[in-house]
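Novice: Return a 3D structure for these sequence lines:
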Amino acid sequence: LQSAVAVLLHRMGAGDDVPLGTPATSRTDEVLHDAVGMFLNTLVLRTDLGGTPGFGDVVERARAFAATAYANADLPFDRVVEALNPPRAAGRNPLFQVMVSHQRRPELGGGMFGAQAAADDAVARTAARFDLEFEFVERPGEDGIEAAIRFSADRFDAATARGLGDRL
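Specialist: Below you'll find the predicted structure:
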């Protein structure tokens, strides 16, 4: 999915080096195993599209870079930004403008939290935190992957976002 989004953006003029943000769970420290709450970090997944690679080559390049990024997922995003010290602009992420997330969601039962989780899952999230957000969701026992695209209204309009979804 990362490769597909990167190729789409590349073909739309994003260049040969496409950085995508992705959320990563961050519970590798044993101290956190019994803690309650969400522990997320943001990773930057770069995709090298230089040299007209085939899609299989793009996937392999993306996989190699992602393996390195996930191996260092405990490093806080803020420290990465601090070390790289890129130019900053108010209201803009300094390392990427497109977020890609992929979830495998289990079936939601009616247990203690199941009904509320199902209700929360149905709530539309309309505000984009980045220029573009591609969200992919797999559900066990169902064919295919659900996809949603959110966009910054300052950068895109609904027709353009719909066109990106069609192209993807």
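
Novice: What ranges does this protein have for its helices?
Specialist: 2-9, 55-71, 77-84, 114-122, 158-167 (DSSP state H).

Novice: Tell me where the model's unsure across this structure.
Specialist: The model of the chain has pLDDT under 70 over residues 26-29, 32-33, 37-38, 106-127.

Novice: residue closest to the middle of it?
Specialist: Geometric centre of the chain, nearest residue: V100, 2.0 Å, by C-alpha atoms, centre = their mean.

Novice: what's the spacing between it and A128?
Specialist: According to C-beta to C-beta, to the nearest Å, V100 stands 13 Å off from A128. In short, each C-beta sits where N, CA and C put it, glycine included.

Novice: before we move on, the earlier item: adding mean neighbour count and distance to D34, write the helices of the chain out as JSON lines.
Specialist: Formatted as JSON lines, the helices of the chain follow (neighbours: other C-beta atoms under 10 Å; distance: least, C-beta to C-beta, whole Å):
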{"stretch": "helix 2-9", "mean neighbour count": "21", "distance to D34": "32"}
{"stretch": "helix 55-71", "mean neighbour count": "14", "distance to D34": "23"}
{"stretch": "helix 77-84", "mean neighbour count": "12", "distance to D34": "24"}
{"stretch": "helix 114-122", "mean neighbour count": "11", "distance to D34": "21"}
{"stretch": "helix 158-167", "mean neighbour count": "12", "distance to D34": "41"}
